[in-house]
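Q: Give me the fold of what follows.
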Amino acid sequence: MFDRNNSLPLSLFLQAERQARLDSLVIKACMRGTMSRLAEWLSALGTWGTRLARNLADERLLRSAIRELHQLDDRTLADIGMTRCGIEYAVRRGRPTCSNIRESGNDIRRLQCDGR
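A: Model (predicted):
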């Protein structure tokens, strides 16, 4: 009956196709930026997780050494030049090197180094 022409003019079709390509390029650029940021974030997260695991393992070793030294008696600790209260400091920071000697007249007193 009625013969309708439902086709778009060629110029409108080309404009729509160009706009679709442009939209596709914009979307791809956004996705590329997003994926790059995601990769950076995941890399930072992996580095942080590795550092955390390493620190936890180091802390576990230190606590084990502290526990072993606390099992020694006071005489053995004195033989190695350590007091019970200085065990944790010695394990975490090394034995104190201060053997400060102070002279006052004829009296020579050795100051105790408590690790601070």
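Q: where does this structure have low pLDDT?
A: Applying pLDDT under 70 to the chain flags residues 1-10, 96-116.
Q: How is it partitioned into domains?
A: 12-60, 72-116 (automatic domain parsing).
Q: what helices or strands is the helix ranked longest in the chain leaning on?
A: Using DSSP state H, we find that the single longest helix of the chain is helix 10-70. In terms of contacts (3 or more C-beta pairs under 8 Å, 6 or more residues apart in numbering; DSSP states H and E), helix 10-70 is packed against helix 87-93. Backbone N, C-alpha and C define where each C-beta goes, glycine included.
Q: And the helix it packs on, what's buried?
A: 87-91 (16 or more other C-beta atoms under 10 Å).
Q: Keeping just the C-alphas, turn that helix into PDB.
A: Output of helix 87-93 as PDB, limited to C-alpha atoms (Å, rounded to 0.1, in the frame of the first residue of the first chain):
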ATOM      1  CA  ILE A  87      67.800  -9.600  76.500                       C
ATOM      2  CA  GLU A  88      65.200  -8.000  74.300                       C
ATOM      3  CA  TYR A  89      67.400  -4.900  73.700                       C
ATOM      4  CA  ALA A  90      70.400  -7.100  72.800                       C
ATOM      5  CA  VAL A  91      68.400  -9.200  70.400                       C
ATOM      6  CA  ARG A  92      66.700  -6.300  68.600                       C
ATOM      7  CA  ARG A  93      69.600  -3.700  68.600                       C
END
